[in-house]
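S.K.: I need the structure of the sequence given here:
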Amino acid sequence: MSAPRAPIAVAVGLMLRKDGAFLMASRPQGKPYAGYWEFPGGKIEAGESLMQALAREFDEELGVTVLEAQYWRSLRMDYPHARVDLQFCRITAWKGEPRGLEGQQVAWKTLPVTVSPVLPGAVPVLDWLSQQSSTG
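M.R.: Take a look at the predicted model:
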């Protein structure tokens, strides 16, 4: 029996526009689940806080400067390639227009989401957003 895998802490950002749209991105070629749609983010490096990792990832992947973000929810996912501890943050203010700096597609979406396939770790977030919009 193999030892349990330690979870990898990941900062994930949910960029929210005032009109209710949110940003999704496709995973770049060469990464696990390439082509799957997700909420952007990445691994929290040693010595980084959640917000520092979020700011760095959005700068590196999307060319966006995060101005205002707050922790929202966590979700643990067990993928074949890694066990991840997803730390979701709502980003409500930023500078710059997001663009795929790693060759990924980026798109503003609303519910119901029409892109496919969606990364398994993003599916619960879409459910949470749906619950929020239905409760006002």
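
S.K.: contacts only, for the residue most central in space within the chain.
M.R.: Centroid-nearest residue in the chain: residue 39, 2.8 Å away (criterion: CA atoms, centre = their mean). Shown in contact with residue 39 (CB atoms under 8 Å, 6 or more residues apart in numbering): 12, 13, 14, 22, 23, 24, 25, 88, 122, 125. In this view, the C-beta of every residue, glycine as well, is placed from N, C-alpha and C.

S.K.: just list whatever residues bridge to the fourth one.
M.R.: The partner list for residue 22 in beta bridges (DSSP bridges) reads residue 16, residue 109.

S.K.: distance of it from residue 132?
M.R.: 11 Å (CB to CB, to the nearest Å).

S.K.: now the helices for the protein?
M.R.: Here the chain has its helices, by DSSP state H, at 50-62, 123-135.

S.K.: what are the contacting residues of the first one?
M.R.: Defining contact as CB under 8 Å, 6+ apart, one finds that helix 50-62 is touched by 9, 11-13, 23, 25, 40-45, 48, 64-66, 69, 71, 87, 89, 91, 94, 96, 98-102, 104, 106.

S.K.: model confidence over that helix, on average?
M.R.: Mean pLDDT, helix 50-62: 98.

S.K.: off-centre distance for it?
M.R.: Between the centre of helix 50-62 and the centre of its chain there are 11 Å (CA atoms, centre = their mean, to the nearest Å).

S.K.: buried sites along it?
M.R.: Residues 50, 51, 53, 54, 55, 56, 57, 58, 61, 62 are the ones in helix 50-62 that count as buried (16 or more other CB atoms under 10 Å).

S.K.: now the last one
M.R.: If you call a residue buried by 16+ other CB under 10 Å, then helix 123-135 has these buried ones: 125, 126, 129.

S.K.: count the neighbours of the residue nearest to the second one when sequence neighbours are not counted for me.
M.R.: Computed as CB to CB, 6 or more residues apart in numbering, the closest residue to residue 126 that is not its neighbour in sequence is residue 113, at 5.8 Å. Here the count is done by other CB atoms under 10 Å, and residue 113 has 17 residues near it.
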